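[1] can you look at this prediction? I've put the sequence above it.
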Amino acid sequence: MSTTGGSSPFEDVVVFPAWFGRRAALTPDRTALIFEGTASTYAEVWAAVEQMTATLAAHGVAAGSRVAYLGANSPVVYVTWLAANRLGAAFVPVNNRWTAAELEWALVHAGVVVAVAEAEHRPVLDELRDRLPELRAVLAAEDDPGSHAPASPPLLQLPQLHQDDDALFLYTSGTTARPKAAVLTHANLWWGAMNTAASLELGTDEVTMVLGPMFHISGLCSTSLPTWIRGGTVVCQPRFVAGDVLRAVARHRVTSIGAVTSLLLLLAEEPGFDTEDLSSLRSIYTGGAPMSEAMMERYAARGVAVQMAYGATETAPSMAIVPREDAVTKRRSVGKPVMFMDVVLKDGEAVVTEPRRRGEVWVRGPAVFSRYWHDVEATRACQTEDGWFRTGDVAEWDEDGFLYLVDRLKDMIKSGGESIAPAELEAELALHPSVREVAVVGAPDARWGETPVAVVVPEPGTTVDLEELRSFASARLARYKLPTRLVVVDELPRSSTGKVLRYRVAEALRTAEARSEEGS
């Protein structure tokens, strides 16, 4: 790791480039990254970072700047991120599925000065240049990291970095409004990695696989950063292709995977799932939606523990994880609080401690994000003065201290004076053998105000019936919580991270009902 002057330019080791550089110095010949069959050592990754640092500096990137990346998953994402941070800039990975208008808004909102982009995305950036006054350069992701640096670069004067400096901007999924940019500091990233490493018990021989898109926290750093701290290897998949994933697990002896449940469902349905060598795979870390009992059993039959987890962009990301030894007995839980995070449930001002009583999840710890960029109102709405982050999620504890999510406060269905949690009903219906996927939304009802509607994707070759589903769920749920209507669909709308977009389900239902009324 190169430095200027006689001392390190970093204030402390929790700064991302500092600890990665020290890892590269400690184990230079270990494999840090594998991408499309090509392995790179820690020393090789760090050399690319130093070259990219010179390139970004030549284009005016300095302390306080923002640098964007636009493209598929790639080692260039990490190299650009580390180089930007070395210069005191924050990294902004943007959604490669956004429209030109969405990209324009985000790049202006973040004040991006340099963007690194893959070939297929550069034309839209070229079209937007006149409307992006702060954007100084668009660099080709395919080029050598040092190709745009001066032939004789001046000695870089790297700034002194601090653990509370901005390191990463991540745009959270929007629903009815613009997405918010959650700002994570170097300290947030470090402690988030510590939380995940401790709960997943990652080893020095860890080979983790990144499946989700790297413009979201789950794909970008949920398992990669803790694996690198331990000196392990990150296998980066450019995009999700189930067959390629299974072959890569066998070829590279992957030990852990972080992925949302929708991707795991696709993986288990791939023909090679039952025959490919998965013997190296110790555990899968997942969240974002409930996983059916049948799917859990499929992974268990292959000797793989599926550890459910609960996290958010704003908590970098983990708040709770099911320990590996409890993966079977606590399948419907999202786990116990991670090591460096305080988690409480609040009912109004009161802290809920009794099992099976519900409250909003509040968390506090060094991994909780700094703020929403240029959005003081949204920041104040979710952060208290004494450091608590209000998640907006409703949950309950069990007798063993495991957390069970109930739903989002804003998604609760109000029916006849009772509150119905869609996620609770979804979790029950997902256990039915004919239900592949399900989303529950509220629909207007003349008598009750709202009523729950089950929107179901059935298992191939099966049929679903409303009364059968109601009877199935009634063993565990009160009658008022049961769906009064059933809609069968081929697929559910999802976000770029694979989460079911319940508001889109509700919109589609309203549109279908309006058309039905017009035709009657």
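    Happy to help now that I have it. Numbering: from 1, shown residues only.
[2] check what pLDDT the most centrally placed residue in the chain gets.
    With distances taken as C-alpha atoms, centre = their mean, residue 218 lies nearest the centre of the chain, 2.7 Å away. The per-residue pLDDT reported for residue 218 equals 91.
[3] ditto for the one 4 residues further on
    The predicted local distance difference test score for residue 222 is 94.
[4] check contacts around residue 329.
    By C-beta atoms under 8 Å, 6 or more residues apart in numbering, residue 329 lies in contact with nothing. Using the backbone N, CA and C atoms, a C-beta is placed for each residue, glycine as well.
[5] chain center to stretch 491-498: distance?
    Stretch 491-498 has its C-alpha centroid displaced from the chain centroid by 13 Å (C-alpha atoms, centre = their mean, to the nearest Å).
[6] repeat for stretch 207-225
    8 Å.
[7] quote the end-to-end distance of that stretch.
    Distance between the two ends of stretch 207-225: 12 Å, counting by C-alpha to C-alpha, to the nearest Å.
[8] same thing with stretch 462-480?
    Taking C-alpha to C-alpha as the measure, stretch 462-480 stretches 27 Å from start to finish.
[9] name the residues of it that come out as buried.
    464, 466, 469-470, 472-473, 477 (16 or more other C-beta atoms under 10 Å).
[10] taking the residues you listed one by one, which sit in helices?
    Among the buried residues of stretch 462-480, the ones falling in helices (DSSP state H) are 466, 469-470, 472-473.
[11] coming back round to it: show me the contacts for the residue nearest to the centre of the chain.
    Residue 218 neighbours (C-beta under 8 Å, 6+ apart): 212, 258-260, 287-288, 311, 317, 497.
[12] at 10 Å instead, please
    Applying C-beta atoms under 10 Å, 6 or more residues apart in numbering, we find residue 218 in contact with 210-212, 258-260, 285-288, 309, 311-313, 317-318, 497-499.
[13] residue 80 too?
    By C-beta under 10 Å, 6+ apart, the contact list for residue 80 reads 48-49, 52-53, 55-56, 67-69, 71, 74, 91-93, 114-116, 139, 141, 145.
[14] residue 400 contacts residue 356, doesn't it?
    No: the criterion here is C-beta atoms under 10 Å, and residue 400 misses it with residue 356 at 11.9 Å.
[15] mind listing the strands for the stretch 251-400 of the chain?
    Along the stretch 251-400 of the chain, counting by DSSP state E, counting those that start in this stretch, strands occupy 256-258, 283-286, 305-311, 318-321, 336-337, 342-347, 350-352, 358-364, 371-372, 389-397.
[16] shaky segments in the stretch 101-250 of the chain?
    For the stretch 101-250 of the chain, applying pLDDT under 70 flags the ranges 150-154, 173-177.
[17] and with 90 instead?
    For the stretch 101-250 of the chain, the stretches with pLDDT under 90 are 101-102, 144-157, 172-179, 212.
[18] now do the buried residues in the strand or helix carrying residue 515.
    Secondary structure assigned from DSSP states H and E places residue 515 in helix 502-519. Residues of helix 502-519 classed as buried by neighbour count (16+ other C-beta under 10 Å): 502, 504-506, 508-509.
[19] and for stretch 328-336?
    Quick answer for stretch 328-336 (16+ other C-beta under 10 Å): 330-336.
[20] span of that stretch from start to end?
    OK, stretch 328-336 end separation, C-alpha to C-alpha: 14 Å.
[21] can you offset everything so residue one is 26?
    Renumbered: residue one is now 26, and that last one reads stretch 353-361.
[22] how far off centre is it?
    Using C-alpha atoms, centre = their mean, the offset of stretch 353-361 from its chain centre is 19 Å.
[23] same thing with stretch 347-365?
    Its chain's C-alpha centre lies 18 Å from the corresponding centre of stretch 347-365 when counted by C-alpha atoms, centre = their mean.
[24] quick check: end-to-end length of stretch 85-101?
    Start-to-end span of stretch 85-101 (C-alpha to C-alpha) is 19 Å.
[25] oh sorry, the question was meant for stretch 424-433
    Stretch 424-433 end-to-end distance (C-alpha to C-alpha) = 22 Å.
[26] likewise stretch 241-257?
    With C-alpha to C-alpha as the measure, stretch 241-257 spans 22 Å from end to end.
[27] equivalent analysis for stretch 515-534, please.
    Termini of stretch 515-534 sit 14 Å apart (C-alpha to C-alpha).
[28] residue 104 - that's part of a helix, no?
    Yes: counting by DSSP: H, G, I helix; E, B strand; the rest coil, residue 104 is part of a helix.
[29] so who does it touch?
    Residue 104 makes contact with 58, 65, 70-78, 94, 141, 166, 170, according to C-beta under 10 Å, 6+ apart.
[30] what score does it have for pLDDT?
    98.
[31] do the one 5 residues further on as well
    With respect to pLDDT, residue 109 scores 98.
[32] quick one: low-confidence ranges for the stretch 326-475 of the chain?
    The stretch 326-475 of the chain contains residues with pLDDT under 90 at 330, 353, 356-357, 373, 419, 431-449, 452, 469-475.
[33] how does it look with 70?
    For the stretch 326-475 of the chain (pLDDT under 70), the answer is 442.
[34] mind giving me the domain split of the protein?
    41-211, 437-544 (automatic domain parsing).
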